[in-house]
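> Pasting a predicted model and its sequence here:
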Amino acid sequence: MPQQPPAAGQAAASVRDQVRSLVTPARLAEFFAPQSLALVGASEASGWARFIAAASSAAGYAGPVYPVHPKIDSAFGHKAFRNLRDIGEPVDLAFILAPTQAVASVVDDAAAAGIRNAIVLAAGYREVGPDGRALEQKLTAQAAAAGVVLLGPNCLGFLNTHAHTAPFALGVPLPLTAGPVGVALQSGALATVVLGYAKARAIGISSLTTVGNEAMIAIEDMIEYLVEDGNTKVIALFLEEVSDPVKFARAAARADAAGKPIVALKVGSSEAGQAAALAHTGSVAGDDAVVNSVLNQLNILRVDSIEELLNTAALLGYDRVPAGRRMGVITASGGACDIIADRSSDQGISIPPFATETADKITPHLPSFAAAHNPLDVTGVGLANQRTGTLTAIDYALDAAVDDPNLDFVLFSGVNIPDARPPDEKLATVMEDRLAWLSQRIASAPIPVIPVGSTSIDTGAWARELLARNHVHVLGGLDFGIKALGNAIRWQERRGSVRQTLPPPLVPHGTVLAGARAWSEADGRDLLTRSGVPVVPGEVVQSAGEAVAAARRVGLPVAMKIVSAQIAHKSDIGGVALNLGTDAEVAEGFEKVRAAGAVVDGATVDGVLVTAMRGGGLELLAGVTIDPTFGPVLAVGLGGVWVEIMKDTSLRVLPADAAEVRRMLAELRGFPLLRGARGSKAADLDVLAEAIAGIGATALSLGGELRAFEVNPLWVNGDQVEALDVLVATGPDIESNGAE
């Protein structure tokens, strides 16, 4: 990136500091609960203004509204003003509907009128290119200097159900239900889709915000605000990018410490490929794989769809999170039991047998042809027979199962409420009494009870009202429901392990890495050795005689490799010889390897490396690549087909200590091999983890020059660990280039 003039860099830093001082959780609590609203550029002919009026009505907003327009006298039943300065009364928030060229003057008017908060609808800023980016930077500096906090630009606003306010320029599916799920989206129009599914599944929203271009209020600020918001129990995000990884990590750590789960639908994936031509690591640590790793490190649940996003958030917001993976299943369908069993296996959830006393309590309520085992099908007999009491067989089964010592939670597929209240008053009363009993039993149960529907269909009006009255939420379908359960359990298991901060990336966001230069392997080996990482014994020699002597010192058989910074892939040119077991083979191997290097144009050959051959044990890859957002990323995997074909790697943003590396190794599908599976010798995981952590630390020691760092293979045999091949690539120091 081009170096900024010092004055420009200082000015940008000053604006960032001003924004940080303004955009705090306390200020955002004020921003998102305005008691008065000005609509600048509003008229009844404006579709945006009509949306805001309808959304405000849906949220129950009762505060004053001040339309501002140069040519009209009233709008939506309210007196209109020519300018914000003319209102003459305190206004909490201005929604600026004016065109792009007029926004700056409206912000001036807002500041003069004492209005501290504004939403900017207009587009034409950084999303359109360099000129738009410059315009947005100017607008941000103007607002920050005036003490005005902006949401946007290119933003459709927000709604806050608990504060009964909705300056929101999109349609709101009715009814709008208040609840525990706080939503923030790096998308505008998708907000209506989210609200539509939440409405269909009776999922209550605490607030929903579209952040637009994030000129001042960014997604990280939204996380911090929602962590502090007492009405929000779970945070749901739609992410397109993470522009400030350090702040994002800090906000995620605060959420984890506060016990507020974050669920994220992160879109956009591509292969990274920095220095991929030099090292394998770049090809296995693609951008999306790094995002997965980072979100995992931060205990953020990554999901694949809007349905999964909201079902997971609903479970975490309404229900108790299971403390274990042993599930009881109670249904009225054998087919449902089969689906649940299959999906649960995918999530690592077990379905153990009921305890004997549980089965004994359930059996009297089942038909003679049914068995009281887990998963339980109470059969459809109860559906065909006329009801004689409030409770049915499935309820008695639940009553027994919640006390089962073999279970950590119960999945209950027994809440089926018609869309409309039955005309038969007696039947309606029985249904109401049954749901009241279920609510009480769920609340009093010693383990969580998770109600689930068979499919993700709309919740009818009477069902919505009855469920809300009894504080019961039903997950939307077996597939999404069990995915949500798996997600919730993973969040619970990881809670408390979030690293408090990520380090600032060595490479600033958006920087193009160029000019990678490979080191000779001898120099790479020396760097590892100085860092205390074990390296296979070896010597660089210049003649066949020296090669024979070196081979005797390191121990036969040996491997030989050409040493040249310009030859990265030595085997491709015949620059490698293996398993040389005699003096004659060593001498001949030297001549062959040296000759191969001599024919490479432009290559400076420093000699031939003679190293001891290693047999047995296992080979791993441990490498570091540069992610454009998160900086240096460590990839660890078993060697051979495990890396190349099966993509069996674990990733972490550096730094990573030995304890974190141990967790990385345990994530590998090939981990049993390291534990000694199939007769192989078990690796000393502590020694191995220390060596890999040392490789990561050595890579970090290169600072902004780092481009790629790879040990492949890293050999382990019991407590012996050695780097057999080292590749290092560096480039111009990013920091010395003055990149921002």
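It's in. These numbers come from a predicted model, not from an experiment.

> which stretches of the stretch 351-500 of the chain have low pLDDT?
Within the stretch 351-500 of the chain, the segments meeting pLDDT under 70 span 381-388, 499-500.

> switch to 90 and redo it
Along the stretch 351-500 of the chain, the parts satisfying pLDDT under 90 run over 368, 379-390, 416, 419, 457, 497-500.

> those helices in it, which residues are they?
356-362, 381-384, 393-401, 425-444, 461-469, 478-494 (DSSP state H, counting those that start in this stretch).

> you'd agree K592 is up against G574?
Yes: counting by C-beta atoms under 8 Å, G574 is a contact partner of K592 at 6.9 Å. Yep, even glycine has a C-beta here, placed from its N, CA and C like the rest.

> Phi and psi next, for L301.
Main-chain dihedrals, L301, degrees, to the nearest 10: phi -80, psi 110.

> how long is stretch 459-474 from one end to the other?
With C-alpha to C-alpha, to the nearest Å as the measure, the ends of stretch 459-474 fall 9 Å from one another.

> Mind listing what's buried along it?
For stretch 459-474, burial by neighbour count (16 or more other C-beta atoms under 10 Å) applies to T459, W462, A463, R464, L466, L467, A468, N470, V472, H473, V474.

> what about that stretch, distance to the chain center?
Centroid separation for stretch 459-474 versus its chain: 31 Å, with C-alpha atoms, centre = their mean, to the nearest Å.

> before we move on, what about stretch 584-597?
51 Å.

> Contacts for that stretch, please.
The contact list for stretch 584-597, computed with C-beta atoms under 8 Å, 6 or more residues apart in numbering, reads 541, 543-545, 547-548, 551, 556, 558, 560-562, 564, 567, 573-577, 580, 603, 605, 608, 610.

> do the same with stretch 64-82
36-44, 49, 53, 56, 83-84, 87, 89, 91, 94.

> Just these: which are in helices?
By the criterion of DSSP state H, membership of the contacts of stretch 64-82 in helices covers A49, A53, S56.

> doesn't A42 make contact with the first one?
Read that as A49. Yes: between A49 and A42 there is a contact under C-beta under 8 Å: 3.9 Å.

> And the longest strand along the chain, what does it pack against?
Using DSSP state E to define each element, the chain has its longest strand at strand 706-717. Counting contacts by 3 or more C-beta pairs under 8 Å, 6 or more residues apart in numbering; DSSP states H and E, strand 706-717 is packed against helix 281-284, strand 618-627, helix 685-700, strand 720-723, strand 726-730.

> where's that strand relative to the chain centroid, distance-wise?
Mean-position distance between strand 706-717 and its chain equals 27 Å (C-alpha atoms, centre = their mean).

> That strand to strand 618-627, inter-axis angle?
170 degrees (axes from the mean of the first three to the mean of the last three C-alpha atoms, to 10 degrees).

> Sheet partners, orientation included, of strand 706-717?
With DSSP bridges as the test, strand 706-717 is paired with strand 618-627 (antiparallel), strand 720-723 (antiparallel), strand 726-730 (antiparallel).

> Looking at these, which is nearest to R201?
R201 lies closest, by C-beta to C-beta, to one member of those: strand 618-627, at 35.6 Å.

> can you tell me the average pLDDT over stretch 86-96?
The average of the pLDDT scores along stretch 86-96 is 96.

> Can you give me the end-to-end span of that stretch?
Stretch 86-96 has its terminal residues 16 Å apart, counting by C-alpha to C-alpha.

> that older thread, check the buried residues of stretch 459-474 and tell me the two furthest apart.
W462 and H473 (15.8 Å).

> would you list every one of the strands in the stretch 101-250 of the chain?
Here the stretch 101-250 of the chain has its strands, by DSSP state E, counting those that start in this stretch, at 117-120, 149-151, 158-160, 178-185, 205-210, 234-239.

> For V430, find the nearest of these.
Of all the strands of the stretch 101-250 of the chain, the one in closest proximity to V430, counting by C-beta to C-beta, is strand 178-185 (27.6 Å).

> Which secondary structure elements does the closest one sit against?
Applying 3+ C-beta pairs under 8 Å, 6+ apart, we find strand 178-185 packed against helix 190-200, strand 205-210, helix 219-228, strand 234-239, helix 306-318.

> Let me see the residues that make contact with the third one.
Right, helix 219-228. Against helix 219-228 from outside (C-beta under 8 Å, 6+ apart): 23, 25-26, 28-29, 32, 182, 184, 186, 206-207, 209, 211, 232, 235, 237, 239, 242, 244, 247-248, 250-252, 254-255, 258, 260, 262.

> Make a ChimeraX selection of the buried ones in those.
This is how ChimeraX selects the buried members of these, with burial counted by 16+ other C-beta under 10 Å:
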select :23,25,28,32,182,184,186,206,207,209,211,232,235,237,239,242,244,247,248,250,251,252,254,255,260,262
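
> Now the residue nearest the centre of the chain: which helix or strand?
Using C-alpha atoms, centre = their mean, the residue of the chain that lies closest to the mean C-alpha position is L295, 3.5 Å off. Counting by DSSP states H and E, the element that carries L295 is helix 287-297.

> Can you show me the strands along the stretch 551-700 of the chain?
Going by DSSP E, counting those that start in this stretch, the stretch 551-700 of the chain shows strands at 558-563, 576-580, 607-612, 618-627, 631-638, 649-653.

> For W437, find the nearest of those strands.
Across those, the minimum distance to W437, taken as C-beta to C-beta, is reached by strand 649-653, at 47.4 Å.

> Which neighbouring elements make contact with the closest one?
Judged by 3+ C-beta pairs under 8 Å, 6+ apart, strand 649-653 is in contact with helix 287-297, strand 631-638, helix 658-667.

> Can you point out the buried residues in that strand?
By neighbour count on 16+ other C-beta under 10 Å, the buried set for strand 649-653 is T649, S650, L651, R652, V653.

> Pick the one among those closest to V452.
S650 (32.3 Å).

> hey, which helix or strand in the protein has the poorest pLDDT?
helix 281-284 (a mean of 53; mean pLDDT, DSSP states H and E).

> For A62, grab the count of nearby residues.
A count of nearby residues for A62, using other C-beta atoms under 10 Å, gives 10.

> likewise the one 3 residues further on?
The local packing of V65 (other C-beta under 10 Å) involves 21 other residues.
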